[in-house]
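Visitor: Based on what follows, work out the 3D shape:
(one chain, ligands or ions: 1)
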Amino acid sequence: MKVQFDSSRVELVQGDISLQVIDAIVNAANPQLAGGGGVDGAIHRGAGPSVMEETRARYPLGCPPGDAVVSGAGMLPAKYLFHAVGPVWRGGQQRETELLRSCIRRCLELALKHNCTGIAFPAISTGAYRFPVDLAAENSIDEVVLFLRGQSSPMLVRFVLFDAGTYGAFARVLESFVDR
Ligand code: APR
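Guide: Have a look, this model is predicted:
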């Protein structure tokens with residue numbers, strides 16, 4: 001599914017984010033940048049050890065929730081990895097939504113800064129971090145569209161959703177943006 005917003009585009013695909021051929025791939029990382037399962041596991045497996053070596057050296061203090069840091073992409077077919085730290089869902093009263101939107105915005109800012117014309121996001125926080133998928137879809141897409149409408153250089157933002165349920169949740173939200 002693809003929707004145009006001015007000169008930019010948001011698209012949804014179902015698949016494995018570590019296989020995307022695009023300027024920047026977003027990792028769903030933890031604050032220690034220590035690697036893990038899910039997206040993090042797939043990305044580090046595909047990228048090889050150079051990425052962890054780089055993030056250890058450049059970000060010894062890790063990265064707080066709501067923020068993102070950049071590294072090379074190792075053996076992955078991308079120029080950059082943006083390691084975004086989403087919030088752990090704790091019921092919704094711990095600024096979870098704000099932190100999710102903020103780590104997405106940081107990735108988009110990093111994309112602009114590094115002259116990326118394409119960026120692929122996973123459904124940050126909706127796996128091990130248990131953020132409700134519908135709420136994540138609404139806020140992730142809204143934050144992206146808000147950003148794209150506020151800037152002039154064209155960008156492709158691709159959400160790569162692993163399973164059909166997550167794809168469906170994102171598709172319902174993106175559809176609702178067509179007439180907004
Ligand atoms: N490609 C795309 N999406 C994937 C992939 C993949 N290869 N693997 C899993 N997913 C999906 C999950 O199904 C979920 O919808 O990505 C979404 C995010 O799940 P997680 O990877 O668990 O990310 P998150 O919820 O943000 O939790 C982050 O998990 O792996 C650890 O180190 C990571 O501690 C951190 C935490």
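Visitor: Neighbouring strands of the lowest-mean-pLDDT helix or strand in the chain in the sheet, and parallel or not?
Guide: Of all helical and strand segments in the chain, the minimum by mean pLDDT, DSSP states H and E falls on strand 2-5, at a mean of 94. With DSSP bridges as the test, strand 2-5 is paired with strand 8-14 (antiparallel).
Visitor: After the strand it pairs with, which helix or strand is next?
Guide: strand 24-29 (DSSP states H and E).
Visitor: what about that following strand, average pLDDT?
Guide: The average pLDDT for strand 24-29 rounds to 99.
Visitor: Walk me through which strands it pairs with, and which way each runs.
Guide: For strand 24-29, pairing defined by DSSP bridges yields strand 80-85 (parallel), strand 118-121 (parallel).
Visitor: If you count neighbours, what's buried in the following helix or strand past it?
Guide: Next helix or strand after strand 24-29 toward the C-terminus (DSSP H and E): helix 38-47. Neighbour-count burial for helix 38-47, counted by 16 or more other CB atoms under 10 Å, picks out 38-40, 42-44, 46-47. Backbone N, C-alpha and C define where each C-beta goes, glycine included.
Visitor: Same question for stretch 115-122.
Guide: Within stretch 115-122, the residues that count as buried by 16+ other CB under 10 Å are 116, 118-122.
Visitor: Tabulate the residues you listed (CSV), appending distance to the ligand and pLDDT.
Guide: Output for the buried residues of stretch 115-122, formatted as CSV (distance: CB to the nearest ligand atom, whole Å; pLDDT from 0 to 100):
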residue, distance to the ligand, pLDDT
Cys116, 19, 98
Gly118, 16, 98
Ile119, 14, 98
Ala120, 9, 98
Phe121, 9, 99
Pro122, 4, 99
